[in-house]
Structures are given as C-alpha cells and as structure tokens.
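*Asks:* need a structure here:
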Amino acid sequence: MLSDVETAAAEMLQSGSEAVELMLTLLGSMVLWSGLMEILSATGDVARLGLGLRRFLAPMFAGIDDEKSWSAMSMNMAANVFGLGNAATPAGIRAAQLLAKQGEAGARALAMLLVLNNAGLQLMPTTVITLRSAAGAAEPTDVWLPALIVSLTATVCGCALMRLVNRGGGRHG
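*Replies:* Take a look at the predicted model:
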C-alpha cells in the first residue's frame, strides 16, 4: 500500500505526463492551422477573403480604407471564425496598431474589432474539438452546433450594442 506522499508523487507525475501530451496535441493543431493561414496569406487568398469580408463588414468599419488594416483584420477574423485564437493574435495586434493610427474612425473600428473578437463567432471551434478529442470524448464534435448558436448570438448582440453606443455618442458628443 502506497503512502500519501507516494500517491501524491505518482499523481503529479501522471498529471505532468498528461499535460505534456495535451500540449503536444494542441501544438500540432496550432502549427497545422497557423501554417494554413500563412499559405493562404502567401497565395493571396487572405486578400480575396478580405475583399469578401470588406463588402459585408464595411458598414461596421466605416471610414477605414487602408488595405493593410483590412488585410490584418481579415486574417484575424478568419482565424477566429475557425476557432484558431492563437493564430489570430499576431494579425489582431497588427490590425490594432494600424487602426490606432487612423484617428476617430480607427478607434471606432478597433472597438468593433475587439467586440467581434471577444464575442467569438466560430463556425468551427477547432481548439475545443481538439481538446475534447485529446480528453477522449466519444463525440468531440458534438459541441459544434451549441458553440455556433452561442457565438452567433454573442456576435449579434455585441454588434447591436456597438451600433447603439456609436449612435448615442453621435447625439451626445
């Protein structure tokens, strides 16, 4: 029979082993999707995605005409929509830097970008599915529909609130 100290030591070693295994699983997923984002960027597909998003999102980002800003925002939003938060971070930082230089329109666009990022619209919650798979879930993808509904609802509410704030700011300021 193991003593409490031996049991605790064995559990710590087991937990450490499981943590390393989980880290490698997530790292593999992140490297795959980050690499895909880089390939899409190098082939110009991100620019095409940016044009598509720009047509749809232009009213929410009024006054932003800078192509570099749109490219960074597009990469950031595309990565987030596919549940790749870590891959989205560099593009999000770049977008924030570019938008910060564009005065009032840039500040409003940056606020909207932050709302969209934090609302977390995800068509495919890749990281969550990877975590569930690594944890041995029988159906790791069964969170897809609930995640889509919740993230879509949060995004719509966030956009509606930003619209109210922007309208309210115009009347009072």
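
*Asks:* next one: the one helix or strand A91 maps to to chain centre, how far?
*Replies:* A91 is part of helix 85-100 when elements are defined by DSSP states H and E. Taking the mean C-alpha point of helix 85-100 and that of its whole chain, the gap between them comes to 10 Å (CA atoms, centre = their mean, to the nearest Å).

*Asks:* Tell me the spacing between A95 and A138.
*Replies:* Distance check for A95 against A138: by CB to CB, to the nearest Å, it reads 39 Å. For the C-beta atoms, the positions are set from N, CA and C on the backbone; glycine is no exception.

*Asks:* more crowded one of the two?
*Replies:* Neighbours around A95 and A138, counted as other CB atoms under 10 Å, are more numerous at A95. The numbers are 27 against 6.

*Asks:* Need the nearest residue in space to that one, chain neighbours excluded.
*Replies:* With sequence-adjacent residues excluded and distances taken as CB to CB, 6 or more residues apart in numbering, A95 is closest to A72, at 3.7 Å.

*Asks:* Three-state assignment for that neighbour, please.
*Replies:* On the three-state scheme (DSSP: H, G, I helix; E, B strand; the rest coil), A72 is labelled helix.

*Asks:* what about it, how many neighbours?
*Replies:* Applying the criterion other CB under 10 Å, we find 24 residues in the vicinity of A72.

*Asks:* Tell me how far it lies from T25.
*Replies:* Counting by CB to CB, the gap between A72 and T25 amounts to 29 Å.

*Asks:* One more: R108?
*Replies:* Separation of R108 from T25 (CB to CB): 39 Å.

*Asks:* So if I had to pick from the two, which one is more boxed in?
*Replies:* Taking R108 and T25 together and counting by other CB under 10 Å, R108 has the greater number of neighbours (21 against 15).

*Asks:* so which helix or strand takes in A8?
*Replies:* Residue-wise, A8 maps onto helix 4-42 under DSSP H and E.

*Asks:* and that helix, which residues are buried?
*Replies:* Buried residues in helix 4-42, counted by 16 or more other CB atoms under 10 Å: 29-30, 33-34, 37, 40-41.
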